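> coords please:
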Amino acid sequence: MKKILSILSIAIILSAFLYSALAFGKSEEQLNYTLISSRDLAGVNSTLRQSIKTLFPDSRETYLEYNSTQARKYIKELDIKFVPFVIYDKSIANRDAFFHMVRHKMVVKVKDYYVIPDEQLKLGTVMLLDRKRKPNRLDMFVGAFCPYSKTTQAELIDFIRQRDIDIDLNLRYLVKVHEFGISSFYGPSETKEDIAQIIIQKHYPDKFRDYLLLIQDKNREEALKELGISADIIESKKEWALEILKDDSKEAESLQIKRSPTFLWENVYLIPNLEGLKQYEPFKRKALASAARKVASGVIAIDFFYSNACSSCREIKNRLLSEIESEYKDKIEINYHNISDSDALALKLKMEKEYGLSKGPIPEVFLPNIALRGKEQIKKELKGAIKALSEQEAVAAERIEAGGDNAIIDNFSTFSPALVITAGLIDGINPCAFATLIFFVSLLALNSYGRRQIACVGATFIISVFLTYLAIGLGIFQGLQRLEVFSRLSRLIYYAIALLVLGLGVYNLCDYIRYKKTGQMKGCGLKLHDRLRDIADSRRPLAALIAATFVTGCIVALFEFPCTGQVYFPTIAFVLKVPHLRASAFLYLILYNLVFTLPLVAVFLLADKGFASEKFALFTNRHLDGIKIATVVLFFSLAILLFIL
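Sure thing, here's the model as predicted:
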């Protein structure tokens with residue numbers, strides 16, 4: 001126990017130290033800087049100011065609108081291509097943080113000025129200067145095989161369709177043009193996909209969005225066949241598409257676009273992610289608004305909050321809601337809100353407050369004056385609620401707006417250590433992780449591994465879960481978790497572990513039956529035990545065991561996450577992006593993850609002590625039948641839980 005806690009403590013201290021080293025700095029005196037920007041970039045400007053304040057709390061700003069006379073002088077002298085742009089006073093060279101900033105490319109010298117480099121500024125939205133505005137045009141620079149680009153495309157298309165936004169969407173592709181031809185990051189196959197998408201976008205515009213959705217789960221040939229597009233036509237227009245790719249490459253190079261996806265809105269705003277895009281019209285104007293109302297036309301509006309990786313949500317969405325849409329057709333309007341979107345999370349929190357509900361898990365459904373929560377309640381009551389509302393006279397209800405990110409920040413302000421500890425403990429009770437850990441301990445113990453080796457393996461599993469949740473909170477796996485295939489893999493892993501646990505239950509049941517009949521431990525259980533012994537008796541080095549355990553722990557944590565932390569964890573992860581709240585959010589993230597692993601620590605200690613104790617071994621020999629049947633019940637119960645969760 002002490003070793004496990006010591007290792008976890010070291011991990012926490014190192015994480016906190018690294019965070020503080022990156023997030024905090026202290027200056028000896030006031031630092032002046034000039035911010036050249038546009039009032040259209042209010043949110044970006046605020047974030048930039050907060051970042052500078054974090055490094056230099058006593059800094060003082062001079063703001064220049066980009067089209068002012070003084071700003072134009074700077075723009076011409078420094079050849080500034082976009083705003084915001086930050087120019088530090090020369091005295092920054094005397095600050096303690098200066099060399100750290102230079103080393104990490106947070107400041108560079110241009111002529112006689114110290115400025116924030118372009119690469120840092122382009123991590124947020126920028127406004128390109130001296131470009132002609134093209135109203136309602138959205139260029140999206142992508143790599144056809146980039147996983148995050150694919151899921152962002154699907155989300156964007158869903159976003160546009162749900163809100164009926166009228167825009168000119170153009171996908172452009174990130175490729176390299178050289179003397180030998182054109183190359184893509186994922187090789188020739190990605191270049192072929194780029195070509196196919198360019199041709200479909202140009203010659204089959206009405207089928208292009210459907211094609212992008214189909215290739216999330218199918219290959220190109222299957223998607224083309226389903227849409228009735230001839231592969232011969234794609235091949236015949238290949239040379240034309242290659243010229244378009246060259247133009248795309250030239251534009252991306254001129255704008256220094258290297259990340260996929262990147263958005264160019266109205267030929268002026270260069271935006272690094274979908275969240276940034278939603279700060280602009282018409283996305284902002286059509287931003288998530290609850291349809292928790294019954295409009296005068298008699299259409300019942302329903303808000304459904306879900307996650308792609310939540311099995312209960314998937315069942316409600318794909319079965320029940322599809323059935324209801326077919327049955328009621330034009331009488332209802334269902335709005336789907338994926339809580340991985342911060343706007344959706346903000347709306348969920350505000351609606352819960354308006355409906356007088358405590359913060360709760362998904363799936364969640366809101367109708368006019370009715371809220372349903374959890375798979376069982378939704379399946380039992382949703383149809384009846386719709387029927388009752390459809391028989392009433394149409395009445396207008398108050399429209400609930402998401403309220404932007406403030407709803408999430410307001411929710412965060414209600415957090416306390418006690419609440420986070422409670423949430424972490426509840427979320428930490430997860431049969432998938434328990435079953436995996438018990439399997440590791442029992443396998444090693446039954447094959448005569450020492451307590452030190454078992455302790456190392458157990459501690460490794462727990463630490464891997466802790467670090468994986470920390471990485472999820474910091475947004476490292478965000479793109480992966482939004483993929484539809486992620487939810488399928490999650491269920492496959494759950495079922496695989498459930499089958500493993502079920503097999504262990506059958507193994508112990510066979511032992512119990514054999515023992516009751518013969519009084520000897522022989523038969524099917526012994527054969528399975530021999531196979532496990534053969535696996536373990538190869539005596540893999542401890543380093544190999546630890547590596548395998550670490551990878552397993554990471555996989556289990558990554559794919560069990562969708563079923564845990566549906567309120568507190570997403571809120572903390574979002575607030576980590578807010579500069580002035582980052583420190584508090586990070587500490588809560590550490591606290592949540594630490595408490596989340598405590599049930600695992602308890603399970604490991606009980607399992608380890610049980611297998612290693614001589615008294616327990618003696619007790620087992622005397623009460624073997626009772627121990628076996630208790631083990632059978634334990635494993636069967638875990639398997640049932642894994643199948644139904």
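
> Regarding residue 177, what are the backbone dihedral angles?
Residue 177 adopts backbone torsions of phi -100, psi 130, taken as degrees, to the nearest 10.

> for it, which residues make a bridge with it?
residue 182 (DSSP bridges).

> Report the contact partners of it.
Each residue near residue 177 by Cβ atoms under 8 Å, 6 or more residues apart in numbering is listed here: 245, 246, 249, 250. Where you see a C-beta, it was placed from the backbone N, CA and C, and this is true even at glycine.

> List buried members of those by neighbour count.
Among the contacts of residue 177, those classed as buried by 16 or more other Cβ atoms under 10 Å are 245, 249.

> Now render the contacts of residue 177 as a markdown table, adding distance to residue 637 and pLDDT.
Output for the contacts of residue 177, formatted as a markdown table (distance: Cβ to Cβ, whole Å; pLDDT from 0 to 100):
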| residue | distance to residue 637 | pLDDT |
| --- | --- | --- |
| 245 | 57 | 92 |
| 246 | 62 | 92 |
| 249 | 58 | 92 |
| 250 | 62 | 92 |
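
> got a markdown table for the contacts of residue 177, with distance to residue 227 too?
Output for the contacts of residue 177, formatted as a markdown table (distance: Cβ to Cβ, whole Å):
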| residue | distance to residue 227 |
| --- | --- |
| 245 | 22 |
| 246 | 27 |
| 249 | 27 |
| 250 | 30 |
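
> In strands only, show me the contacts of residue 177.
Within the contacts of residue 177, no residue falls in strands by DSSP state E.

> List the ones among the contacts of residue 177 that fall in helices.
245, 246, 249, 250 (DSSP state H).

> Identify the farthest-apart pair in these.
The distance between the two most remote of the ones in helices among the contacts of residue 177 (Cβ to Cβ) is 9.8 Å, for 245 and 250.

> Tell me where the stretch 351-500 of the chain has strands.
364-367, 370-373 (DSSP state E, counting those that start in this stretch).

> can the ones you listed go into TSV with extra columns for mean pLDDT, distance to residue 423 and mean neighbour count?
Output for these, formatted as TSV (pLDDT from 0 to 100; distance: least, Cβ to Cβ, whole Å; neighbours: other Cβ atoms under 10 Å):
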stretch	mean pLDDT	distance to residue 423	mean neighbour count
strand 364-367	91	17	24
strand 370-373	89	17	18
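
> and of those, who's closest to residue 173?
strand 364-367 (38.4 Å).

> what are the pairing partners of the closest one, and which direction each?
strand 300-306 (antiparallel), strand 370-373 (antiparallel).

> Throw the ones you listed into TSV and include distance to residue 220, thanks.
Putting those into TSV (distance: least, Cβ to Cβ, whole Å) gives the following:
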stretch	distance to residue 220
strand 300-306	29
strand 370-373	41
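
> for residue 230, what are its contacts?
Counting by Cβ under 8 Å, 6+ apart, residue 230 has contacts residue 224.

> Please report how far it lies from residue 243.
Using Cβ to Cβ, to the nearest Å, residue 230 is found at 21 Å from residue 243.

> Residue 313 reaches residue 307, doesn't it?
Yes. With contact defined as Cβ atoms under 8 Å, residue 313 reaches residue 307; the gap is 5.6 Å.

> picking up where we left off before, so which of the strands paired with strand 364-367 gets nearest residue 193?
strand 300-306 (29.3 Å).

> tell me the mean pLDDT for that closest one?
Strand 300-306 shows a mean pLDDT of 87.

> Pull out the buried residues from the helix or strand that comes right after that strand.
Per DSSP states H and E, strand 300-306 leads on to helix 311-315 as the next helix or strand towards the C-terminus. Within helix 311-315, the residues that qualify as buried are 311, 312, 313, 314, counting by 16+ other Cβ under 10 Å.

> Spit out the contact partners of the third one.
Which is residue 313. 306, 307, 362, 363.

> Which pair of the residues you listed spans the longest distance?
Farthest pair in the contacts of residue 313 (Cβ to Cβ) is 307 and 363. Separation: 8.5 Å.

> Check what pLDDT residue 405 gets.
Listed pLDDT for residue 405 reads 51.

> What of residue 226?
Reading off the model, residue 226 has pLDDT 88.

> do the same with residue 427
71.

> Measure how buried it is and give me the count.
Residue 427 is flanked by 23 other residues according to other Cβ atoms under 10 Å.

> didn't it look like it was pressed against residue 596?
Yes. Under the criterion of Cβ under 8 Å, residue 427 makes contact with residue 596 at 5.8 Å.

> just to revisit the earlier point, closest one to residue 128 among the strands paired with strand 364-367?
Closest among the strands paired with strand 364-367, using Cβ to Cβ: strand 300-306, at 36.4 Å.

> pLDDT averaged over the helix or strand containing residue 583, what's the number?
Element membership for residue 583, per DSSP H and E: helix 582-612. Helix 582-612 shows a mean pLDDT of 75.

> next one: stretch 87-98
88.

> What would it look like as PDB? C-alpha coordinates only.
What follows is stretch 87-98, C-alpha atoms only, in PDB (Å, rounded to 0.1, in the frame of the first residue of the first chain):
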ATOM      1  CA  ILE A  87       5.000  43.500 -29.200                       C
ATOM      2  CA  TYR A  88       6.800  43.400 -25.900                       C
ATOM      3  CA  ASP A  89       8.700  46.300 -24.400                       C
ATOM      4  CA  LYS A  90      12.500  45.800 -24.700                       C
ATOM      5  CA  SER A  91      12.800  45.400 -20.900                       C
ATOM      6  CA  ILE A  92      11.500  41.900 -21.300                       C
ATOM      7  CA  ALA A  93      15.000  40.800 -21.900                       C
ATOM      8  CA  ASN A  94      15.800  41.600 -18.300                       C
ATOM      9  CA  ARG A  95      13.100  39.500 -16.800                       C
ATOM     10  CA  ASP A  96      13.800  36.100 -15.200                       C
ATOM     11  CA  ALA A  97      11.300  34.400 -17.500                       C
ATOM     12  CA  PHE A  98      12.900  35.700 -20.700                       C
END
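
> Good, we can wrap up now.
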